[in-house]
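Engineer: Here is the input, now give the coordinates:
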Amino acid sequence: MDNEHKKKAFLTGHYFKTLLLDWKGVFSEPTTNDIQEVVEKINAYEEINQVGKSFSLLLSFSDFRLLHIGKSVVDVFGYTADELMEYKAGVIFKLLPFAHLDYPVKALSWAKKVQAKTRLWLEHVNICFCGLKIKHKDGHIIRIFIRLQVLNNAKNGFPSMVLHTTEEVTHLVKGEHYWGRFVCGKNKQHIQSFLSKGEKREFSEIISEREKEILLLIMENKSSQDISQKLGIATNTVIKHRKNMIMRTGAKDTTALMQLARMCELV
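Structural biologist: Model (predicted):
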């Protein structure tokens, strides 16, 4: 156990330094007025939203600095907002278990590749990460779904402030991997997806167009036989597509797959 703690401590330092070096100078700093306005909205939202385990976090992209954590974080992670704010930017490494410790570095590396490909990645952006493992204060592992929303863009076009909305999805997700999905453009014409593990880690969409057709029919309570007849494909092919979607998204079952698809706006 001591060796594992030492290895995690070493990797945490390594990943954090890498992250800050990659981040430095790319993004601009938000203004005080920007921050205060958003914090007030987060507080107001938390007062009226009492359903489910979720919270909001405000992040400055200029220096990977925590600006605000919603008080409902205690319902998800067990820690109070004040406890987590003490760790500043390094808080993510405190919460991540060893298996997903490299998430910040992988996520940033992927986002940079997406930006380089599209050049439009700040227009009508929808970003999410699903299945990330987090260590609760009491020691057990939970799985989360994160939605990122760009609130402010600097003059150079890059975001200066991003809102993270985090929801616990332990009841929906299994497996060891997490995945991300990036959609931008007025007509959602640019889509890139990412898997933390697997031979094909980066691709256009987390599920194929054929799989989307099948998923939409599943949502209409159609059986595999009904779907095969409607689409003119073998029933075994439908079953295989269903299994592939579940495997790729880490969903526990078809019901969980449908819920994750709605959360991520896959269909």
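
Engineer: quick one, strands of the stretch 1-150 of the chain?
Structural biologist: Remark: strands assigned in the stretch 1-150 of the chain by DSSP state E, counting those that start in this stretch are 54-60, 65-69, 126-135, 141-153.

Engineer: Show me where this structure dips below the pLDDT cut-off.
Structural biologist: Counting by pLDDT under 70, the ranges of the chain that qualify are 1-2, 4-52, 61-64, 89, 118-123, 152-160, 199.

Engineer: Report the central residue of it.
Structural biologist: Geometric centre of the chain, nearest residue: Phe129, 1.7 Å, by C-alpha atoms, centre = their mean.

Engineer: quick revisit: with distance to His100 as new columns, can the strands of the stretch 1-150 of the chain be given to me in a markdown table?
Structural biologist: In short, each C-beta sits where N, CA and C put it, glycine included. Converted to a markdown table, these look like this (distance: least, C-beta to C-beta, whole Å):
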| stretch | distance to His100 |
| --- | --- |
| strand 54-60 | 17 |
| strand 65-69 | 19 |
| strand 126-135 | 5 |
| strand 141-153 | 10 |
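
Engineer: Nearest to Gly198, out of those?
Structural biologist: When the strands of the stretch 1-150 of the chain are compared by C-beta to C-beta, strand 126-135 sits nearest Gly198, at 12.6 Å.

Engineer: State the paired neighbours of that closest one in the sheet, together with their directions.
Structural biologist: strand 141-153 (antiparallel), strand 179-184 (antiparallel) (DSSP bridges).

Engineer: I figured the residue nearest to the centre of the chain hits Thr165, correct?
Structural biologist: No. Applying C-beta atoms under 8 Å, one finds Phe129 not in contact with Thr165, separated by 11.2 Å.
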